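# Quick one, what's the 3D model for this:
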Amino acid sequence: MNVLVVLAHPDPASFNHALAATAVDTARRLGHRVVLHDLHAESFDPILPAPEIAKGAPIEPWLERHCDELAAADGVVIVHPNWWGQPPAILTGWIDRVVRPGVAYAFEEGDGGEGVPVGLLRARTAVVINTSNTPAARERKVFGDPLEAIWKRCVFDLCGVKDVRRRTYSVVVTSTPEQRARWLEDARELVSSAFPRSG
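Alright, predicted model coming up:
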């Protein structure tokens with residue numbers, strides 16, 4: 001199984017990096033081929049230029065590699081903090097440039113783009129791991145957990161991925177080493193259940 005892991009956090013010492021490393025290690029131990037993209041470490045350019053918008057538009061080879069890896073993935077893991085109720089800008093740019101028409105979705109014949117797209121992704125399961133400094137109860141009551149809608153309904157569902165498993169760990173800023181160890185074990189179990197051992 002091919003598992004794509006995408007990490008979006010600028011600090012290599014962050015808990016997000018520990019979560020992504022756990023996801024990568026877990027998937028590899030289960031016999032999967034893993035591709036990791038640490039978007040900040042790679043200096044991923046999130047700006048979508050106008051000539052790149054259309055389906056079939058020519059794109060740079062490095063970006064085409066991202067698209068090919070997404071298309072080939074049997075499973076996807078996304079790791080990022082909750083910033084202002086949304087993914088960091090670098091990850092939003094990754095969505096803009098990689099989750100593109102002809103790669104992740106397409107419109108039916110005769111549809112000018114106003115209809116519901118048909119999902120093209122091969123992956124059947126996605127795992128989204130978030131961190132937050134907002135208590136879970138306040139997140140739900142005050143903000144309505146916008147990341148749930150973004151990932152489940154606005155991104156993966158429209159690209160054909162119906163099994164989306166999401167976990168948020170909070171409050172990170174006041175967490176103890178013991179809490180973080182428990183969260184990492186929980187993330188390991190989450191990835192293991194989403195992508196069982198090959199063969």
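
# And the lowest mean pLDDT element among the helices and strands of the chain?
Within the chain, no helix or strand scores below helix 136-138, which has a mean of 68 by mean pLDDT, DSSP states H and E.

# mean confidence for stretch 105-119?
Across stretch 105-119, the average pLDDT comes to 80.

# Now for Ala8: which residues touch it?
Shown in contact with Ala8 (Cβ atoms under 8 Å, 6 or more residues apart in numbering): Asn16, Leu39, His40, Ile78, Val79, His80, Pro81, Pro87, Pro88, Ile90, Leu91, Trp94. Every residue, glycine included, has its C-beta placed from N, CA and C.

# go with 6 Å
By Cβ atoms under 6 Å, 6 or more residues apart in numbering, Ala8 lies in contact with Leu39, His80, Pro88, Ile90, Leu91.

# Neighbour-wise, which one of the residues you listed leads?
Within those, most neighbours by other Cβ atoms under 10 Å means His80, with 26 neighbours.

# Doesn't Asp45 belong to a helix?
No: residue state for Asp45 (DSSP: H, G, I helix; E, B strand; the rest coil) corresponds to coil; a helix is not indicated.

# What number of residues are in the vicinity of it?
15.

# distance of it from Val76?
Using Cβ to Cβ, to the nearest Å, Asp45 is found at 21 Å from Val76.

# how many neighbours does Pro51 have?
9.

# If you count contacts, what does the helix or strand hosting Trp62 end up packed against?
Per DSSP states H and E: Trp62 is located in helix 61-72. Applying 3 or more Cβ pairs under 6 Å, 6 or more residues apart in numbering; DSSP states H and E, one finds that helix 61-72 contacts helix 89-98.

# Now do the lengthiest helix in the chain: everything it contacts.
Taking DSSP state H as the criterion, the chain has its longest helix at helix 177-194. Helix 177-194 is contacted by residues Leu19, Thr22, Ala23, Thr26, Thr125, Val127, Ile129, Arg165, Arg167, Tyr169 when judged by Cβ under 6 Å, 6+ apart.
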